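In: using only what follows, build the 3D model:
(one chain, ligands or ions: 2)
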Amino acid sequence: MTAGAIAAEYQTIIGLEVHAQVLTRTKMYCGCSADYANAAPNTHVCPVCLGLPGALPVMNKVAIETVVRTGLALQCDVPAHSKMDRKNYVYPDLPKGYQISQYDLPLCVAGTLTFDVAGVEKVAGITRVHIEEDTGRLVHEDLVDGQATLVDLNRSGVPLMEIVGDPDLRSPEEAREYLVTLRRILRYILASTGNMEDGAFRCDANISIRALDGGYVGPKVEIKNMNSFRAVERALKYEEVRQRAAVASGEALFQETRGWVDERGETTSQRTKEQAHDYRYFPEPDLPPLRIEQGAIAGFRESLPMLPVARIEQFVNNYGLSAHDASILTDERAIADVFETSLAGSQDGDVQKATANWILNDMMGLARAQGLAADQLPFSAIQIGDLVKAVQGGTLTGRAAKELLSQIGKDELPTTAAARLNLLSLDNDDEITAAAKAAVEANPSAVADFQNGKQAAVGRLIGETMKRTGGRARPDVVRQAIVKLLDEI
Ligand code: ZN
Ligand code: MN
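Out: Ligands and ions are numbered 1, 2, ... in the order given. You can find the predicted model right below:
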């Protein structure tokens with residue numbers, strides 16, 4: 001390859017490989033608890049996940065079913081025959097010296113993932129989804145007499161699914177949206193927590209460039225160590241630029257594995273093709289091959305909840321929400337559920353819209369301020385329903401409702417809290433008339449302005465009256481009272 005032979009136009013080719021921990025109570029091949037994070041090191045272990053000689057693995061049925069459900073959510077085929085294979089390599093966090101994984105007969109194949117990139121729908125292929133097991137964790141510690149690397153095997157044998165995507169992505173932005181969408185689906189079907197910070201959702205990326213005219217096809221570079229969506233996008237952007245610059249300057253690119261160094265914002269070479277592993281896969285002799293009952297597949301498919309894309313469509317069609325609002329409300333299944341439950345079947349379009357707005361603006365803002373998890377709101381569906389009903393029915397003014405939010409007790413109904421705090425709307429006309437009178441008397445300049453034809457002065461008097469009622473008077477009632485008073489002057 002020479003610089004002069006390179007076409008000006010290049011295309012970026014990206015394929016992603018995701019490892020997601022499967023949400024199960026126990027590990028993949030033994031009965032140890034899979035809750036590895038909340039336990040003292042090496043307390044959730046047994047001869048199987050410690051890799052002791054002679055210990056025999058037993059398959060976790062729930063993990064297999066969860067991977068099959070994931071495959072179905074990704075439109076995969078689920079072949080009738082599957083098997084486990086040994087992937088051999090040596091590393092201190094892998095006590096057996098091999099990982100029980102799948103090689104040529106994965107549980108799920110040939111699926112698709114549909115996602116949205118800046119308003120444009122994109123479909124990427126899913127090559128395969130297979131089941132395997134996680135490794136232990138190395139812990140680097142500073143001891144009094146120097147540094148030590150310790151191993152914690154609580155995570156050893158935790159079920160892991162590997163989701164391999166076709167090289168169908170054409171930009172770092174597409175890669176990011178693919179991941180966001182995939183993670184959302186895994187969370188919806190309760191297949192994984194998808195928690196990236198905790199390592200429950202990890203991504204490796206293959207990236208290369210090729211000339212649009214076919215005159216140049218670059219080697220595949222694998223990038224590792226990306227721990228957030230942002231890191232994936234940044235690493236791929238960096239690599240896209242690096243590879244284009246190399247080709248432009250006539251520098252040779254080669255197949256290699258590179259690590260993303262977040263602090264420096266760059267990828268660095270870890271190993272080249274010559275140092276690539278030969279895993280010497282062979283069928284796992286301690287586990288029988290799997291036969292997936294094709295009759296059971298329909299049942300798994302039916303057990304899937306409505307997926308995010310369908311739910312957005314439903315929110316737009318049934319509740320008249322914008323696609324933007326619907327996509328935020330459905331981002332987390334738990335919040336979409338709270339929204340629908342708090343409607344309590346209401347067919348009233350105003351109630352539906354108001355409920356969406358209260359959740360999107362006030363509830364989510366409050367949740368962030370309180371440091372709640374992404375799938376949690378500060379109030380229950382019952383509380384939200386009560387609040388919206390009170391505001392729509394005029395029992396609470398919008399202003400009083402906002403003031404109320406921070407003062408509602410746990411499990412307390414907003415209307416109960418409003419009564420306790422004397423924030424319910426004034427339904428006593430005398431009180432409003434008195435406040436309006438006081439406002440008019442205290443603001444002779446506004447009255448004079450009004451008499452000189454300045455309509456805006458009415459707004460000032462309404463504001464003054466509202467202040468005097470502590471925000472508890474409904475603006476329309478106050479307006480009536482002010483207009484009546486001004487007419488009488
Ligand atoms: Zn175990
Ligand atoms: Mn793997």
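In: what about the strands in the stretch 101-250 of the chain?
Out: In the stretch 101-250 of the chain, the strands defined using DSSP state E, counting those that start in this stretch lie at 108-117, 120-133, 137-143, 146-152, 159-165, 201-211, 221-226.
In: and the first one with strand 159-165, angle?
Out: Using axes from the mean of the first three to the mean of the last three Cα atoms, to 10 degrees, the inter-axis angle of strand 108-117 relative to strand 159-165 is 70 degrees.
In: over to the shortest one?
Out: Relative orientation of strand 221-226 and strand 159-165, computed by the same axes, to 10 degrees: 140 degrees.
In: strand 221-226 pairs with which strands?
Out: Here strand 221-226 is paired, per DSSP bridges, with strand 201-211 (antiparallel), strand 256-261 (parallel).
In: which one of those strands has the lowest average pLDDT?
Out: Of all the strands paired with strand 221-226, the minimum mean pLDDT falls on strand 256-261 (a mean of 92).
In: chain center to the helix or strand following it: distance?
Out: Proceeding C-terminally, strand 256-261 gives way to strand 266-272 as the next helix or strand, assigned by DSSP states H and E. Offset of strand 266-272 from its chain centre (Cα atoms, centre = their mean, to the nearest Å): 29 Å.
In: just the CA trace of strand 266-272, in PDB.
Out: The C-alpha trace of strand 266-272 is given here as PDB (Å, rounded to 0.1, in the frame of the first residue of the first chain):
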ATOM      1  CA  GLU A 266      -6.000   7.800  23.200                       C
ATOM      2  CA  THR A 267      -5.600   4.100  22.300                       C
ATOM      3  CA  THR A 268      -2.300   2.300  22.700                       C
ATOM      4  CA  SER A 269      -1.200  -1.000  21.200                       C
ATOM      5  CA  GLN A 270      -1.500  -4.100  23.500                       C
ATOM      6  CA  ARG A 271      -0.800  -7.000  21.200                       C
ATOM      7  CA  THR A 272      -0.400  -7.700  17.500                       C
END
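In: give the contact list for the residue most central in space within the chain.
Out: Taking Cα atoms, centre = their mean, the centroid of the chain lies closest to Arg184, which sits 4.8 Å from it. By Cβ atoms under 8 Å, 6 or more residues apart in numbering, the contact set of Arg184 is Gly194, Pro308, Asp331. Where you see a C-beta, it was placed from the backbone N, CA and C, and this is true even at glycine.
In: again, only this time at 7 Å
Out: Arg184 is in contact with Pro308, Asp331, counting by Cβ atoms under 7 Å, 6 or more residues apart in numbering.
In: could you do Glu177 as well?
Out: Residues near Glu177 by Cβ under 7 Å, 6+ apart: Phe115, Asp116, Val117.
In: which residues does stretch 305-312 contact?
Out: With Cβ under 7 Å, 6+ apart as the criterion, stretch 305-312 contacts Ala73, Thr114, Arg184, Ile185, Tyr188, Ile189, Ala323, Ala326, Ser327, Thr330, Arg333, Ala336.
In: quick one: neighbours of the residue lying closest to Gly398 once chain neighbours are set aside, just the number.
Out: Distances taken as Cβ to Cβ, 6 or more residues apart in numbering place Val391 nearest to Gly398, at 6.0 Å, with adjacent residues excluded. Number of residues near Val391 (other Cβ atoms under 10 Å) recorded here: 20.
In: list the contacts of Val391.
Out: Ala354, Gly398, Ala401.
In: start to end distance for stretch 132-145?
Out: 38 Å (Cα to Cα, to the nearest Å).
In: quick check, that stretch touching ligand 1?
Out: No - Stretch 132-145 does not reach ligand 1 (Cβ under 5 Å from the ion); its nearest approach is 10.4 Å.
In: got it, and stretch 54-65?
Out: No - shown here: stretch 54-65 not in contact with ligand 1 (Cβ under 5 Å from the ion), separated by at least 8.6 Å.
In: end-to-end on that stretch?
Out: By Cα to Cα, the extent of stretch 54-65 from end to end equals 27 Å.
In: confidence score at Met1?
Out: At Met1, pLDDT is 43.
In: if we can go back for a sec, with pLDDT and distance to Met226 added, can I get the contacts of stretch 305-312 in JSON lines?
Out: Listed next are the contacts of stretch 305-312 as JSON lines, based on pLDDT from 0 to 100; distance: Cβ to Cβ, whole Å:
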{"residue": "Ala73", "pLDDT": "97", "distance to Met226": "24"}
{"residue": "Thr114", "pLDDT": "94", "distance to Met226": "23"}
{"residue": "Arg184", "pLDDT": "95", "distance to Met226": "18"}
{"residue": "Ile185", "pLDDT": "96", "distance to Met226": "20"}
{"residue": "Tyr188", "pLDDT": "95", "distance to Met226": "23"}
{"residue": "Ile189", "pLDDT": "95", "distance to Met226": "24"}
{"residue": "Ala323", "pLDDT": "89", "distance to Met226": "29"}
{"residue": "Ala326", "pLDDT": "93", "distance to Met226": "29"}
{"residue": "Ser327", "pLDDT": "91", "distance to Met226": "24"}
{"residue": "Thr330", "pLDDT": "94", "distance to Met226": "26"}
{"residue": "Arg333", "pLDDT": "93", "distance to Met226": "25"}
{"residue": "Ala336", "pLDDT": "95", "distance to Met226": "28"}
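In: nearest to ligand 1 among those residues?
Out: Checking these against ligand 1 by Cβ to the ion gives Ile189 as the nearest, at 26.0 Å.
In: what's the neighbour count on the closest one?
Out: 20.
In: and if you look at Asn38?
Out: For Asn38, using other Cβ under 10 Å, the count is 8.
In: ok, now Asn154?
Out: There are 24 residues near Asn154, going by other Cβ under 10 Å.
In: wait, doesn't it sit right on Cys46?
Out: No - Asn154 lies out of contact with Cys46 (Cβ atoms under 7 Å); the separation is 11.2 Å.
In: around ligand 1, which positions in the chain sit nearby?
Out: Going by Cβ under 5 Å from the ion, the residues of the chain near ligand 1 are Cys30, Cys32, Cys46, Val48, Cys49.
In: and the second one, backbone torsions?
Out: It refers to Cys32. phi -60, psi 150 (degrees, to the nearest 10).
In: ok, the nearest residue to it once chain neighbours are set aside - contacts?
Out: In space, and not counting its chain neighbours, Cys32 is closest to His44: 4.8 Å by Cβ to Cβ, 6+ apart. His44 sits next to Cys32, Ser33, Tyr36, Asn154 when contact means Cβ under 7 Å, 6+ apart.
In: filter the residues of the chain next to ligand 1 down to the ones in helices?
Out: Using DSSP state H, no member of the residues of the chain next to ligand 1 falls in helices.
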